[in-house]
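A.B. asks: Prediction below, plus the sequence it came from.
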Amino acid sequence: MNTKKLITCTFVGLLMLGCDNFLSVNPQGELTQEAFPITAADALQSTNGVYATLRNWHYHSGGFPILDFMSDDAHKGSNPNDGAGTQGPYENFTFTPTQDGLDRWWAGLYQGIRRANVVIEKVPAVEMDASLKNRYLGEARFLRGLYYFDLVRAFGGVPLVTSTEPALSIPRASADEIYTLVEQDLQFAIDNLPEKSAYGSTDLGRATRGAARALLAKVHLFRGNFAAAETLALQVITSNQYELEPVFTDANGKNGEHGVESVFEIGAVESESIVGNQYANTQGVRGSPNRGWGFNRPSIDLRNAFEPGDPRRSGTIIELGDVIDGITILGDASTPDVTRDADGNIIEIESYNRKVWIPGLSTDTQFGHNRRLIRFSDVLLMAAEALNENNRPQDALIHLNRVRERARQGNPDILPDITVTNKDELRDIILHERRTELALEGHRFWDLVRTGKAPEVLGPAGFIQGKHELMPIPQNEIDLSQGTLVQNDNW
Amino acid sequence: MEQSAILADRSKPVITGSAWGRKMMWQLPVITLLLCLLLTTTASAQQEVRGTVVEAGTGETLPGVNVRVKDTTRGTTTDSDGRFSIRLDADQTVLVFSYIGFEPLEMDMRGVDDIVIELQPVVTMMDELVVIGYGAVRKRDITGAVSQIRSDDIRKMTSLNADQALQGRVSGVLVTTTSGAPGAGATVRIRGVGTFNNASPIYVVDGVILDDISFLNPADISSMEVLKDASATAIYGSRGANGVILVQTRTGAGFMDGPVVTVSVEGGIQQLERKINLLSGREFAIISNEIRAGSFNNVDAVPNTDWQDLIFDIAPIQNHQVSVAGAGEWSDYYVSLGYFNQSGIIDRSQYERITLKLNNNYRLSQNFKLGNNLTIAPYRQRVAPNVTFAAYRAQPVLLPYYEDGSFGAVVNVGNPLADLANSNNHNSGVRVVGNVFAEAMVANSVLLRTSFGTDAALNRGQSFTPAFTVFNPDGTASQQTNTYSDIFKSEGINYTWLWENTVNYINSFGRHNLNAVGGFTMQQSRSERLQVAGQNVIRDGRDFWYVRPGYVIDEANNINMLSSIFNGVDPGLYYNMISFLGRVVYSYDDTYLTTVTLRRDGSSKFSKDNQWGYFPSFAVGWNIDRESFMDNVSLINDLKLRFSWGMIGNEKISYYDRFSGIDAGLLAVFGNPDAAYVAASYGRSGNPDLKWETTTQTDVGIEMSILDRRLTFEADYYNRVTDDILIELATPGHLGNGTGQRIRYNAASILNRGFEFALTWQDRLGEVGYTVGLIGNTIHNEVLEIGGSSGIDSLLIGGFLANGQPVTLSRVGRPIGAYYGFKTDGIFQNQAELDAYPSMALAGVGDLRFVDMNGDGVINGLDRTYLGSPIPKFVYGFNLDLDYKNWDFSAGFQGQYGNKIFNGKNAVRPDPYNFEAHVWDRWTGEGTSNTEPRPSFGGYNFLPSDRFIHDGSFVRLRTLIIGYSLPGSMLANLGITRARVYIKGNNLLTWTKYTGYTPEIGSFDVLSNGIDSGVYPIPRVITLGFNTTF
């Protein structure tokens, strides 16, 4: 039968054509991971992708400056109800493994690590300019080191992921293993990255040799390796890449973006969109002008920590009624101007973090704050600390007093040079200087922990020795690991 | 003269075989011609007789009819179109037509050339032909659970979508309208909810597999069959797990004596069934003063605006069609034109659809046929903003307009009338669905068929919001301000083709009956969407609703421009499939039945290792009434037991889930000044190991008719377990997918089981004929497994309210989408009680007391508990049809029992809104109320709790129709066969305890079922109609 033949042929023909081809459908408008990165342009884009994490809100300790809440520098802020159950518990150390923000922070950092691993794993095979390739790899390893340093500092040993295809369940590596990777990554970055001055003006913000040295110096401080910390910090200082901003507020402000004091900073555009950074919006003045949510309220203790007349106090704290860049700070109607305890003592004053201030009246511009992760004054104080620990107090004083000199702003009546050379006394003075110089920038809590002063200073707030040196592993992660991840002690 | 049968007057009731014919003036030439033809053929000694066998009454063609020359063994059977041809010797001209389920018929064919034979069905449900997918079988042979709905019942609802007609008519089917907005769809759930994904059945319209039938004019449907168990659905393999609804549209086959024209005109009004009882202006002012003293100085002087009255109106609906059906010797046709226009009971909402239906069959030879089924359905839709929710919330103390006629500001909500006035949201498009097919009959028992079907849809959307400002009383701009006009355009095209090739074999060997089908099909689905938004259009008029580069505001760094453009495929509509299918239906002596089905599906949605799935089913049936021991049981006419088991699949997931993507939307910021640079990295990880969801269903059924088939009864017990449900689970952070990223796995199981029954009593009492139908089914829905582990992925949170609060939690041992929240235990009547019980810091005297479920002395999120299920325990329908002389009456009730509704619109209160009237009975001091807490504009008492859980049980008078057919004597002179006028009401009355607009609250998302978020109410519809056939 003719019809029969026709149909049979069609059938057979079709089968020959192959079901396999017909059943493979390519994703539309979307690249898959097998096909990226393969070109030189891909290599650049994937390297840029590692930086994108820095403006991810979650990267910044889960979105809120909880490290400042946990220090003696600040309270939760905003109005009393805002985040009372979610962020409030960080202030008095009543937070739990299910606390809001911990899982975001964890996942945000690992997202950055994954993006770095993409570059580290895939870019070596890309055919491109060899020196540029090394720079990309250096950038990625710098950032991976940065992200792992945040993880290990916060959580201790964590799953060690150096591949783009990790197993679904990985036990925690030891803190030492994580630190070893961080040190290797940063050493690679030191060896392969250019100095800041070698970058053009459009590449400012990329990782530099100076940034890698400064970060590694900080890692060594945490590890108690003061010799290495000293060497690295001094290398940064003598590299002639950095100076202190003449005006203290420029060190974190708009005028000093990618300026002489900036060792590593996160660029952000003044836009409430993916090119902005919500980190500053979270802490921006609440109410009038409406610059943000008003979290991170400077504590009375911090105010009292500044030496008499220290201009850095007003460079750190926005008080109600201040006029900044022509804008009067009125504050928030839903926030009490002062908060008192049961005995009527003032325990909080409505005030805001000056260091994230960006001139303007809208929330949009507030997103443009460039967060400084490492400032030159931090490096100077790290050098001072390491030199003191290495029994070279005279050398330490040079760097310490350099910071104080800038702070003084030419006023000879305040912030006299330090001359103390007793090691223990000087240690405390340097720690105090770090507090007043670097307040509300996320350093204080870790400084207290690594110097062993946290139980003494934060004990009254609820800090428990042997427990709060580390954050708890997010309960989500423990649940998802089905027991592979073991919680930190005492949580 | 034998030919007289052919020309028998059709106005006489036809009892047994007669041919078609009517005495109508304009047909005379045709008849004369026919007579001439007949006379010429009588001359030859041997004649060839051809003809079509149809079912009397319906005109449906009958395939497989035995045609035998009387007193000989010579014979043939009719083909799939009921056509036969046979050569007759001059001395043996009597043919015997026999077909199971029909009265046999003898007729002398002397001198006949081409004839239409009408066989009168033996009135028994057991012999109805039932379409079961890739073929049809007698109901007697069916081993699966299949429910039919007649076309008359489909037309009892004035609705856009024919699936509304299933509501309360077919057991095991739950249809829930999602919204009363014109053009809105309904969710259809067959035998519970079997998956966390798309749980809707598939539709097969004239053989074309589709996801919905919104394009189809219900009047064009001749029958709908719902395939429920595995034996019935397994032939649809990977797509049958949630049930299959087969739709046959009308054809012209059988209308041999010329065109039959049917005209129907229907028009009516729709209105809000009932309002929600809210506080009046005065009551609101009093309550406000209690919450915030001094809010209103004089509560007797405040306005009293009823916002519901302002936004709801009576709206027209019309539904008209004209169809022409006819058949010639070598072809038949059905052409219809339908027009549906529904205005919404809220201004600026409307749906208008034209349907053009063309079904044609061409017989190229005795054994070869070509045909097409085609629907072209252009539509226009206007969508109103959700002002229902705004009217519910708007404070009654505010005036809709200022004295100068401008819109009054409505704090926190926006003036719903201003929203409406500035809404210009239009959709339009066209859907073209159809197929062309060819059939060849080989050796009288093998039917080869190939069919190429398409479903093409073009959808366009345009929305324009002018720049406008609603001013506060003090002259400042309120929040309801649109600084720049907005234009949004979208365009989407979906195109699916389906090529099916089947071989059917039907034959009998003595008492052995065999009905087999084998086939090969290919399908491809493609889509593309484009969306673009602009602002600041230079003029407001419709002539300017286009996006030009200048209209795209570039606020900073072109970023808004980037994010306002989308172009891509619809991830659920982009895949290819290849399938092999086979089914054997075998029966012995019409008593012992068995059906074996196997389908093998390959889908591009899965990676190579997993893309082929096998879906088998097996079923047996026993027609007990055929056994000799039943001969003396005169009470029972038919009795059948059946059992089926099978595995069916579901693959309604995004084609993209298995791929690991690149996130190309990243940006890095470098340089001084800060500037954005493109960045990309690995994005979400896919899961290449994905495979089909598999539903294993077991069904035991009984079918019975007794008392001379006056009472028919059908009951089933079903047990459906869906395994390997494709579900998105949280993944560990160290994978680097970022926070909250979920990845799809085959990792959940769900059980649905229940009884279902359908009972029909049909009889006459004197001149009154009546039919009473009762259907019902129980549903037990239970999650058996999620994630396969403890921890957070062993439950699924969903049902997010507008404030982000989740109110459903699906966990092992509970139904899908079960509500969870705090259990309340009265109200804190005094400080002592507040001190004595665990409570949240926020709670005060007069507030709700939440139960400390875990007994830890603290009230927190861990105390939220199961609060009920949105899935009814029992779904039922009751239908009554009466006819008396020329009058007919029909009533249909539908109901459900045991489900809960979450009144989400009442729970979301970030700002001061109006309250439901029950707030008036508030707690005002110790002992005043233990159910209604002290009033507040939000906060503690509005945390998700059982306070918002309501009984969702209801009974609804869904259809009520009274019709009158004009007497035949009156019509005959006009050449009209039939004319009927009727008045029809849909959704006339609802009995329910629920206080919202409707207890019927559907959601396509199975995790957000039954949550009343302030939806567009389903209107009551009253229409007047007229239809006629000539």
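C.D. replies: On my side now, so go ahead.

A.B. asks: Any figure for the gap between the closest residue to residue B:72 other than its chain neighbours and residue B:52?
C.D. replies: Nearest non-adjacent residue to residue B:72, counting by C-beta to C-beta, 6 or more residues apart in numbering or on different chains: residue B:92, 6.3 Å away. Placement of C-beta: from N, CA and C, glycine included. Using C-beta to C-beta, to the nearest Å, residue B:92 is found at 22 Å from residue B:52.

A.B. asks: Give me the more crowded residue out of those two.
C.D. replies: Applying other C-beta atoms under 10 Å in any protein chain shown to residue B:92 and residue B:52 shows that residue B:52 carries more neighbours, namely 28 against 13.

A.B. asks: Thought residue B:59 was touching that one, still the case?
C.D. replies: No - Residue B:52 is beyond contact range of residue B:59, at 9.8 Å (criterion: C-beta atoms under 8 Å).

A.B. asks: what residues are shared contacts of the two?
C.D. replies: B:253, B:254 (C-beta atoms under 8 Å, 6 or more residues apart in numbering or on different chains).

A.B. asks: For chain A, what's its nearest residue on the stretch 401-550 of chain B.
C.D. replies: Using C-beta to the nearest C-beta, residue B:440 is the residue of the stretch 401-550 of chain B that sits closest to chain A, at 4.5 Å.

A.B. asks: Which helix or which strand is home to that residue?
C.D. replies: For residue B:440, the enclosing helix or strand under DSSP states H and E is strand B:424-442.

A.B. asks: Would you list the strands that that strand pairs with, along with their directions?
C.D. replies: strand B:368-382 (antiparallel), strand B:446-465 (antiparallel) (DSSP bridges).

A.B. asks: roughly how far is the last one from the heart of the chain?
C.D. replies: Its chain's C-alpha centre lies 18 Å from the corresponding centre of strand B:446-465 when counted by C-alpha atoms, centre = their mean, to the nearest Å.

A.B. asks: That one: which residues count as buried?
C.D. replies: B:447-457, B:459-465 (16 or more other C-beta atoms under 10 Å in any protein chain shown).

A.B. asks: Mean pLDDT per helix and strand in chain A: which one sits at the bottom?
C.D. replies: helix A:2-17 (a mean of 53; mean pLDDT, DSSP states H and E).

A.B. asks: Quick one: end-to-end distance for stretch A:167-177.
C.D. replies: 18 Å (C-alpha to C-alpha, to the nearest Å).

A.B. asks: hmm, that stretch in reach of chain B?
C.D. replies: Yes - counting by C-beta under 8 Å from any C-beta of the partner chain, chain B has neighbours in stretch A:167-177: A:168, A:169, A:170.

A.B. asks: tell me, how many neighbours does the last one end up with?
C.D. replies: The local packing count at residue A:170 equals 17, with neighbours defined by other C-beta under 10 Å.

A.B. asks: How about the one 3 residues further on?
C.D. replies: For residue A:173, the number of neighbouring residues by other C-beta under 10 Å comes to 19.

A.B. asks: what about it, is that helix, strand or coil?
C.D. replies: With DSSP: H, G, I helix; E, B strand; the rest coil as the basis, residue A:173 sits in coil.

A.B. asks: and whichever residue of the stretch 101-250 of chain A sits closest to chain B, which of the three is it?
C.D. replies: Residue nearest to chain B within the stretch 101-250 of chain A (C-beta to the nearest C-beta): residue A:114, separated by 2.5 Å. For residue A:114, the reduced secondary structure class is helix; criterion used: three-state DSSP.

A.B. asks: Show the contacting residues for the nearest residue to it once chain neighbours are set aside.
C.D. replies: Spatial nearest neighbour of residue A:114, excluding adjacent residues (C-beta to C-beta, 6+ apart): residue B:736 at 2.5 Å. If a contact means C-beta under 8 Å, 6+ apart, then residue B:736 has A:110, A:111, A:113, A:114, A:115, A:117, A:161, A:164, A:166, B:682 as its contacts.

A.B. asks: Could you tell me how many residues sit around residue 55?
C.D. replies: Reading this off chain A. 24.

A.B. asks: Chain B was what I was after
C.D. replies: 20.
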